[in-house]
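Q: got a sequence here, can you model it:
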Amino acid sequence: MKNVLLLLLISVLLFSSCSKDARVEFEDETKGPQLVRDSISDFVIELDNFTPLNLRAIRYLDDGGDEFLFFLNPNNNSIYKYWLNDGNRFEKITFDIIGPRGVGELSGFDVHGSDTLFLLARYAYKLTLASQLQNDLPKLQTYRLLGDAKSIDMTPYATTEAPMVIEGSILSIHSVPFFERDRLSYFEAGNSLVRLSLKDSTFNTSNIYSIQYKKRWSHPYSSPSSTYNSFQKQRIITLPADKDLYTLDLNGQIRSTSSSPKSIKDIEPYHGDFKDSKKSQLHANLNPSYISILYDKYRDVYYRIVKVPNYKAIELGDKSKYPAMPNVVLVYDANLKLISETPLPPSFNVRMSFVGRSGLYFAQPVIKNRRIDENHLRYVCFKLEDK
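A: Just a heads-up that it's a prediction; the model follows:
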């Protein structure tokens, strides 16, 4: 069952500024297209009793004109497939954790066609290719992400912000290096991208951390995010502690693109004890974080989502409101030129975002009779309009 106390806490954080969803906190001087609410394209989907409102792995699929949304529900080791033209219609595919057809406890996934899924059991270091999903028993093929004699030096992940990318027979998966942070930096540890060969099951790791990561950063700044531009065949990477963008091409070459958002303040490196989780979380609440990037193939632009400190709460010294961090959406053109900056309040769950035909979507709980409706989830749409 859902954790009601957790939902009540989420409601306090998410709806602290819901009454003014379009509130502007800075003056945007750019003249490019702006993100504006498009309530006509909003939609609501129905949830079952096992699906929480704060999922971490969301995938969108445009399949021959039909739009689908996939959720990973770790509570029952299932993938949910929703028809966006009918929010009450969905399918659930449940996978065994152990046994002959066990895929492990799923913590990430990706969609590669309506009939193919990649399933990641993060801490089991196991990836499963599930195909022929329409059958009662889908075809499963397992790949190990840790050799028998290999020590643990990275942990793979596949959240909403970190999709897997398949190029030919190579599947790329984000990872966080495992190391002694008091002795090394994230840059020195590397191991932030895993390349798995689907042909022979071999894999290797590479480093996509920038030089900025030679400084001290706490765990909230450890996870790169990326999006894939299939037209240019390149991956665009954003790092939580770095204002610049990075392009990774098919040959593994990385190049940087300078970015200086006017609305985002500089990020201070972490100076505390890495074992002090409260202090590291406070550091994350007091500094911006470039948490994700999404490519919009319909409009050929990129959306970069940044969490910024709740400066009003900081000014008042109200630490209980520090986690209610507003967001800024940075829009880049096809050449990674910054064209607009749009502020958003914390009433949107930006970690459950996707790009669809109508625009950029963020999740938001449904309020009914002044309470959260645990059985429904609203997706609100933002579209680009000329200023």
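
Q: looks to me like Tyr213 is in a strand.
A: No. According to DSSP: H, G, I helix; E, B strand; the rest coil, Tyr213 belongs to no strand; its state is helix.

Q: quick one: it and Tyr246 touch, right?
A: No. Using Cβ atoms under 8 Å, Tyr213 and Tyr246 do not qualify as a contacting pair, with a distance of 11.5 Å. (Each C-beta comes from the backbone N, C-alpha and C, glycine too.)

Q: surely Ala313 is in contact with Pro326?
A: No. Under the contact definition of Cβ under 8 Å, Ala313 does not touch Pro326, with a separation of 10.3 Å.

Q: more neighbours, those two?
A: Neighbours were counted for Ala313 and for Pro326 using other Cβ atoms under 10 Å; Pro326 has more, 21 against 18.

Q: tell me the predicted confidence for the more buried one.
A: Predicted confidence (pLDDT) for Pro326: 94.

Q: Ile254 versus that one, what's the distance?
A: Per Cβ to Cβ, to the nearest Å, Pro326 is found 31 Å from Ile254.

Q: same check on Ile367?
A: Separation of Ile367 from Ile254 (Cβ to Cβ): 44 Å.

Q: what about the helices in the stretch 51-200 of the chain?
A: The residue ranges that make up the helices of the stretch 51-200 of the chain, judged by DSSP state H, counting those that start in this stretch, are 186-189.

Q: for it, give me the ranges with low pLDDT.
A: The stretch 51-200 of the chain contains residues with pLDDT under 70 at 147-150.

Q: how about the stretch 251-387 of the chain?
A: Across the stretch 251-387 of the chain, the ranges flagged by pLDDT under 70 are 387.

Q: and the strands in it?
A: Assignment of strands within the stretch 251-387 of the chain using DSSP state E, counting those that start in this stretch yields the ranges 254-257, 289-296, 301-307, 327-332, 338-344, 349-355, 360-368, 371-385.

Q: buried deepest among the ones you listed, which one?
A: strand 301-307 (a mean of 24; mean count of other Cβ atoms under 10 Å).

Q: now Lys199: how far from Leu250?
A: In this structure, Lys199 lies at 17 Å from Leu250, with Cβ to Cβ as the measure.

Q: grab the nearest non-local neighbour of Gly87.
A: The spatially closest residue to Gly87, leaving aside those adjacent along the chain, is Ile45, at 4.1 Å (Cβ to Cβ, 6 or more residues apart in numbering).

Q: equivalent analysis for Gln281, please.
A: Leaving aside its sequence neighbours, Gln281 is closest to Pro220 (7.0 Å, by Cβ to Cβ, 6+ apart).

Q: in terms of contact, does that neighbour touch Tyr290 like I think?
A: No. Applying Cβ under 8 Å as the test, Pro220 and Tyr290 come out as separate, 11.8 Å apart.

Q: shared neighbours, those two?
A: Shared contacts of Pro220 and Tyr290 (Cβ atoms under 8 Å, 6 or more residues apart in numbering): Pro240.

Q: tell me which residues touch Tyr303, please.
A: For Tyr303, the contact set (Cβ under 8 Å, 6+ apart) comprises Leu35, Ile293, Leu294, Asp296, Val329, Leu330, Val331, Val355, Leu360.

Q: so which strand or helix has Tyr246?
A: According to DSSP states H and E, Tyr246 maps onto strand 245-248.

Q: please consider this matter closed, and thank you.
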